[in-house]
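**Student:** Sequence plus the predicted model coming up.
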Amino acid sequence: MSATEPIRHDDLRLIATEEAWASPELVNRMKKLAEHPGNDPDLNMWARFLGHNPHNETLVRRLQDIYGERIQHMDEHRVEMEILSLTAPGVQMFDRDTAVGMAAETNDTIAEAVRKHPTRFAGMASFAPQDPAAAAKEIDRAVNKLGLKTVIVNSHTNGEYLDNPKYWPILEAAVAAKAPIYIHPRNLPAPAAQFLVGDTYNVNGAFWGFAVETALHGLRLIMSGVFDRYPDLKIILGHMGEGIPYWFARLDYFYASRSKIQRPPSEYFRENFYITTSGVNDNNVLNFCHTVLGPDRIMWAIDYPYQDVLGAVEFIRTSTLPRESLDKITFQNAERIFRISRE
Ligand code: MN
């Protein structure tokens, strides 16, 4: 290879770890709520998704597909597996009983996809934080009966975060089931989200607001001492850790006067968190995260169908990281953390 020839890894085994699916029921219920979005940022976002234009119609069609276009795109780009999860905001905007029922149905459907195609799909389980006791039971059922080994939550629920003691049964259930909790983004609660949108700008959603909300959730867990209480709790953050690794020096400098936690925030992040690359197809950022977190805590993702498959595969195939690290990032870490069995 000449010095000018770009490095390519076209033979990487690829497991994509943050890939969205929407049940028709979720779409229908969001459609109903989005008829009167008020100032709710997620409902306004869904009102846009459900508006009539070709881009959004394609998006909503792809969200609801499991076995058709999705597998075609995986084949076309040689993506071996996807870890499926119910798209944001999941069941978290519905009334308690609806949410509990939908979480169980979602988990049954995703588990069926995994049973049908164990070499192509694994899945994350949904739960309804609106009913913490039911959520704890569903986590146990999803992991131990359905074989979904990780659970997902779309950040806040009605403006409340998992550090709130009312949600501790959920954290305890996740620890007992050895299931990491993927904290997927949604928009900030409405009172805060209003400051991210205006007549001439909109920095909400995937542009920037998701990262603010989800990093906030991660930092609340760290600073509130959740990991001193539950040292075995594992959290997964997408989008290269929602920016938190970039802030390690400042977090560690300022934390002591604000919290009773036993160690600097970066130590909890390094021990209790994994991150995925979802949607941040930037090798400078990957190199940085690899330097500060090491190769064992990073997993590749696409964020299908919100972002395109080609961008994500080209990004990782042109990484200049050592091959040993890339194999961990693209499949070995996912196999271990999601406890994937292909039988
Ligand atoms: Mn996503």
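**Tutor:** That came through, no problem. Computed from a predicted model, the values in this text were never measured in an experiment.

**Student:** In the stretch 1-150 of the chain, which residue sits closest to the ion?
**Tutor:** Here the stretch 1-150 of the chain gets closest to the ion at one residue, Glu18, 4.9 Å apart by Cβ to the ion. Just so you know, the C-beta spots here come from the backbone N, C-alpha and C atoms, and that holds for glycine as well.

**Student:** now the closest residue to the ion within the chain: how far from Leu146?
**Tutor:** In the chain, the residue found nearest to the ion is Asp303; the distance is 4.4 Å by Cβ to the ion. Taking Cβ to Cβ, to the nearest Å as the measure, Asp303 falls 24 Å from Leu146.

**Student:** which of those two has more neighbours?
**Tutor:** Taking neighbours as other Cβ atoms under 10 Å, Asp303 and Leu146 compare with Asp303 leading, 25 against 19.

**Student:** does that one sit in a helix, a strand or a coil?
**Tutor:** coil (DSSP: H, G, I helix; E, B strand; the rest coil).

**Student:** Same question for the one 3 residues further on.
**Tutor:** Tyr306 falls in the coil class when you classify it by three-state DSSP.

**Student:** Backbone dihedrals for it, please?
**Tutor:** phi -70, psi -30 (degrees, to the nearest 10).

**Student:** what about the stretch 1-150 of the chain, any weak spots by pLDDT?
**Tutor:** Residues of the stretch 1-150 of the chain that meet the criterion pLDDT under 70 lie in 1-4.

**Student:** which bits of the stretch 1-150 of the chain sit near the ion?
**Tutor:** Residues of the stretch 1-150 of the chain found near the ion (Cβ under 5 Å from the ion) are Glu18.

**Student:** pretty sure Gln262 is touching Asp228, no?
**Tutor:** Yes - with contact defined as Cβ atoms under 8 Å, Gln262 reaches Asp228; the gap is 5.5 Å.

**Student:** Which one's more surrounded, these two?
**Tutor:** Asp228 (13 against 10).

**Student:** residues touching that one, list them.
**Tutor:** With contact taken as Cβ atoms under 8 Å, 6 or more residues apart in numbering, Asp228 is in contact with 261-262.

**Student:** Now it: which helix or strand?
**Tutor:** helix 226-229 (DSSP states H and E).

**Student:** go on, Glu19?
**Tutor:** strand 15-21.

**Student:** Against which helices or strands is that strand packed?
**Tutor:** helix 54-64, strand 81-86, helix 333-337 (3 or more Cβ pairs under 8 Å, 6 or more residues apart in numbering; DSSP states H and E).

**Student:** The longest one to strand 15-21, inter-axis angle?
**Tutor:** Relative orientation of helix 54-64 and strand 15-21, computed by axes from the mean of the first three to the mean of the last three Cα atoms, to 10 degrees: 110 degrees.

**Student:** next helix or strand past helix 54-64?
**Tutor:** helix 69-76.

**Student:** Surely Leu142 is in a strand?
**Tutor:** Actually, residue 142 is Ala. It isn't Leu. No - secondary structure of Ala142 (three-state DSSP): helix, not part of a strand.

**Student:** Could you report the neighbour count for it?
**Tutor:** The number of residues near Ala142, taken as other Cβ under 10 Å, comes to 29.

**Student:** on that earlier part again, given the strand holding Glu19, what are its sheet partners and their directions?
**Tutor:** strand 81-86 (parallel) (DSSP bridges).

**Student:** Give me the contacts around the strand it pairs with.
**Tutor:** Against strand 81-86 from outside (Cβ under 8 Å, 6+ apart): 14-23, 26, 66, 70, 74, 106, 110, 113-114, 119-124, 126, 150, 152, 182, 184, 302, 304, 331, 334, 338, 340.

**Student:** and the next element down the chain from it?
**Tutor:** Using DSSP H and E, the helix or strand that follows strand 81-86 in sequence is helix 96-116.

**Student:** What would that next one look like as CSV? C-alpha coordinates only.
**Tutor:** Extracted in CSV, the C-alpha atoms of helix 96-116 (Å, rounded to 0.1, in the frame of the first residue of the first chain):
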residue,chain,number,x,y,z
ARG,A,96,-49.7,4.2,32.5
ASP,A,97,-51.8,1.2,31.4
THR,A,98,-51.4,1.8,27.7
ALA,A,99,-47.6,2.1,28.2
VAL,A,100,-47.4,-1.1,30.2
GLY,A,101,-49.3,-3.0,27.6
MET,A,102,-47.4,-1.6,24.6
ALA,A,103,-44.0,-2.3,26.2
ALA,A,104,-44.9,-6.0,26.5
GLU,A,105,-46.3,-6.2,23.0
THR,A,106,-43.2,-4.4,21.6
ASN,A,107,-41.0,-6.9,23.4
ASP,A,108,-42.9,-9.9,22.1
THR,A,109,-42.6,-8.5,18.5
ILE,A,110,-38.9,-7.8,18.8
ALA,A,111,-38.2,-11.2,20.4
GLU,A,112,-40.1,-12.8,17.5
ALA,A,113,-37.8,-11.0,15.0
VAL,A,114,-34.8,-12.3,16.9
ARG,A,115,-36.2,-15.9,16.9
LYS,A,116,-36.9,-15.7,13.2
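
**Student:** Fine, thanks again, bye for now.
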